[in-house]
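J.: Give me the fold of what follows.
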Amino acid sequence: MSSLLPADGAQTQVPIPADFVREVEPLLGTPATEALLRALEGPSPVSVRLNERKTAPIAGEKIGWCESGRYLDSRPQYTLDPLWHAGCFYAQEASSMFIEQAFRAIDIAPRRILDLCAAPGGKSTHWRALLPPDCLLVANEPVKLRANILNENLAKWGWPNVVVSQNFPHDFAPLTHCFDLIAADVPCSGEGMFRKDPGARTDWSLQKVEECAALQYRIVADVWNCLVPGGYLIYSTCTYNRAENEDNVVKICERLGAEMVPVATLPEWEIDGDTTGRNLPVYHFFPHHSRGEGFFLALLRKNKSDEKTQPARAKKNKCKPSIERGFKLAQYIADNQQYDCVRINQNFLVAQHKLHTEFIGMLAQTLHLLTSGICLFEEKNKKLIPQTDLALSTLLQPDAFPSINLSLTDALRYLRHEALVLDNAPRGYVLACFDGHPIGFLNNIGSRANNLYPKEWRIRNL
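T.: Numbers count the residues shown, from 1 in each chain. As a prediction, the model looks like this:
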């Protein structure tokens, strides 16, 4: 028996599974495995990623592989910080920010990207910040509760040209050759969560590894035809084993038709490579080396063998958007000449980029969409009610609404969905801000200001 296995009567409340130790030791060798096990019993680094369009007074050590990533000295209580709710920063694990370097290795300017397994939204908000401004991000999550969280986090991030969908990978099959880049952060056995989540140790098993590896390949295979010939797939997991990582990447290349593409790294980042001895251009984050949790990434380029296959096209009339041509979009959003105001579900007015309006219509015929642009207003009884998406959008015109800067106490009351009393504020719709950053709308009726913050977003732990 390996000396690295947990001893009987160990003090650790949830020990690292013995089968995991047996599996990882041949990959790393005994000294490195010992170092990994020690690291997994230590504290996790704390990291955030700043929203470059919403400044926040956050100081910290810069994360080498991510321009906007920062390590923090301690873990803040994010729920009590209105700037977190305003989307000024996102609490994200540092290793997963490595997708930034993968994106820099891509030699095309993507028009559309699919983030296939996107909840809760850390990588999606990062993708939106990395992509060209007029590129469309489709962020997808099949589980309803998680999809709603994804939708909330992207709305708070506030960048335009985002669609949020709630679908299983096979639902995308009709969308042949529609995406230049697909990010597949596939569900995994969770070995990279052993340090942060004791439940991940309890849930792990060799059987789960085997089941996850099969599911991961199936997920990629389901959407492979959605990727344009010569397009890119970024495959990632938060686990260490070969079955879910190198073996799946090799299988994708051999069976579906792709090649692995190197990603530039720096020695000081201490990122590990291939564990198979074949010198594959793949990237492992082991917490005894790099400052982060477990993460694996491979960048793949699809072969051009199916270039003759016809891409999916919008059906005439069926996908024709209902454009509100008389709506004064310039009053509410910047760069308004690039956007259409589209009526969705009869009573919602949404801003969609002109380049993507028809394509979004095609998506709506194929997928279940939660959002499809910047939701501006809901029309009720011929009255337009401004939506929180508009308040949080980085395209909001600064003078579109009167605004009031709330104290910390009142901002937290607002985020609890309480009514407020506003002194010296005009009646009607008012933009609620904290430290100059919008967090939502109030309807000031004089004696009180009704709270328009989404009830499902309200904070409950105060």
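
J.: for the residue nearest to L420 when sequence neighbours are not counted, what are its contacts?
T.: Spatial nearest neighbour of L420, excluding adjacent residues (CB to CB, 6 or more residues apart in numbering): A449 at 4.8 Å. The way it works is simple: take the backbone N, C-alpha and C, and place the C-beta from them, glycine included. Applying CB atoms under 8 Å, 6 or more residues apart in numbering to A449 gives the contacts 419-422, 425, 430, 442-443.

J.: report the longest strand in this protein, please.
T.: strand 227-237 (DSSP state E).

J.: what about the helices in the stretch 351-462 of the chain?
T.: 357-366, 388-392, 408-415 (DSSP state H, counting those that start in this stretch).

J.: Which positions within stretch 28-41 qualify as buried?
T.: Buried positions in stretch 28-41, judged by neighbour count with 16 or more other CB atoms under 10 Å: 28, 32-37, 39-40.

J.: rewinding a little: on the C-terminal side of the longest strand of the chain, identify the next helix or strand.
T.: helix 246-251 (DSSP states H and E).

J.: what's next to that next one, contact-wise?
T.: Contact partners of helix 246-251, identified using CB under 8 Å, 6+ apart, comprise 213, 216-217, 220, 235, 260, 274-276, 278, 280, 282, 298, 300.

J.: hmm, which of these are the buried ones?
T.: For the contacts of helix 246-251, buried by 16+ other CB under 10 Å: 213, 216-217, 220, 235, 260, 274-275, 280, 282, 298, 300.

J.: Isn't L396 up against L390?
T.: Yes - counting by CB atoms under 8 Å, L390 is a contact partner of L396 at 6.0 Å.

J.: Give me the common contacts of these two.
T.: 332-333.

J.: So the two - more neighbours on which side?
T.: Neighbour tally, L396 and L390, criterion other CB atoms under 10 Å: the higher count belongs to L390, 27 against 21.

J.: what's the burial count for the closest residue in space to the more buried one that isn't next to it in sequence?
T.: Nearest residue to L390, sequence neighbours excluded (CB to CB, 6+ apart): L376, at 5.0 Å. L376 has 24 neighbouring residues, counting by other CB under 10 Å.

J.: P17 - nearest residue in space that isn't next to it in sequence?
T.: Nearest residue to P17, sequence neighbours excluded (CB to CB, 6+ apart): W204, at 5.4 Å.

J.: ok, the one you found touching S189?
T.: Yes - W204 is within contact range of S189, at 5.7 Å (criterion: CB under 8 Å).

J.: Show me which of the two is the more surrounded one.
T.: Neighbours were counted for W204 and for S189 using other CB under 10 Å; S189 has more, 27 against 20.

J.: Tell me where the stretch 201-350 of the chain has helices.
T.: 206-223, 246-251.

J.: ah, wrong one, I meant the stretch 51-200 of the chain
T.: 82-85, 99-104, 122-130, 144-157, 198-203.

J.: Relative to F434, which of those is closest?
T.: helix 82-85 (3.9 Å; CB to CB).

J.: What lies in contact with that closest one?
T.: 56, 78, 89, 91, 156, 406, 408, 411-412, 415, 434-435, 437, 439, 457, 459.

J.: Just the buried ones from the residues you listed, in PyMOL syntax?
T.: In PyMOL, a selection of the buried entries from the contacts of helix 82-85 looks like this (16+ other CB under 10 Å):
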select buried, resi 56+89+156+406+411+412+415+434+435+437+439+457
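
J.: Sort the contacts of helix 82-85 by pLDDT and name the bottom one.
T.: Minimum pLDDT across these is recorded for A56, with 84.

J.: I'd like to know how far the spatially closest residue to that residue that is not a sequence neighbour sits from V48.
T.: Using CB to CB, 6+ apart and skipping residues adjacent in sequence, the residue nearest A56 is C88, 3.6 Å away. Separation of C88 from V48 (CB to CB, to the nearest Å): 10 Å.

J.: Mind listing the shared neighbours of these two?
T.: I58.

J.: wait, isn't D185 in contact with G121?
T.: No - counting by CB under 8 Å, D185 stays clear of G121, with 11.1 Å between them.

J.: Please say which of the two ends up with more neighbours.
T.: A direct count of neighbours by other CB under 10 Å for D185 and G121 places G121 higher, at 26 against 22.

J.: wait, what's in contact with the nearest residue to that one once chain neighbours are set aside?
T.: What sits nearest to G121 in space, not counting adjacent residues and going by CB to CB, 6+ apart, is N153, at 3.4 Å. Applying CB under 8 Å, 6+ apart to N153 gives the contacts 90, 120-122, 124-125.

J.: try it again with 10 Å
T.: 87, 90, 118-122, 124-125, 139, 164 (CB atoms under 10 Å, 6 or more residues apart in numbering).

J.: Using a markdown table, please lay out the residues you listed together with distance to S44 and pLDDT.
T.: Listed next are the contacts of N153 as a markdown table, based on distance: CB to CB, whole Å; pLDDT from 0 to 100:
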| residue | distance to S44 | pLDDT |
| --- | --- | --- |
| G87 | 23 | 98 |
| Y90 | 16 | 97 |
| A118 | 22 | 97 |
| A119 | 20 | 97 |
| P120 | 17 | 97 |
| G121 | 20 | 96 |
| G122 | 15 | 97 |
| S124 | 22 | 98 |
| T125 | 20 | 98 |
| A139 | 25 | 98 |
| V164 | 28 | 98 |
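
J.: Which single one of those is nearest to D107?
T.: Ranked by distance to D107 (CB to CB), these are led by S124 at 22.8 Å.

J.: Who are the contact partners of that closest one?
T.: With CB under 10 Å, 6+ apart, S124 has these contacts: 90, 113, 115, 118, 137-141, 150, 153-154, 157, 162, 164, 183, 185.

J.: Show me those that map onto strands.
T.: Per DSSP E, those map to strands at 90, 113, 115, 137-140, 162, 164, 183, 185.

J.: Look up how far D115 lies from G122.
T.: 10 Å.

J.: And these two? Which one has more around it.
T.: Set G122 next to D115 and count neighbours by other CB under 10 Å: D115 wins out with 31 against 20.

J.: so where's the stretch 351-462 of the chain uncertain?
T.: 461-462 (pLDDT under 70).

J.: re earlier: so what sits against both of W204 and S189?
T.: Residues touching both W204 and S189 (CB under 10 Å, 6+ apart) are 20, 239.

J.: Out of the contacts of helix 82-85, the closest to L175 would be?
T.: Distance to L175, by CB to CB, is smallest for K156 among the contacts of helix 82-85, at 27.4 Å.

J.: For that closest one, give me its contacts.
T.: Neighbours of K156 in contact, by CB under 10 Å, 6+ apart: 51, 54, 84-88, 90, 121, 125, 388-389, 392, 439, 457.
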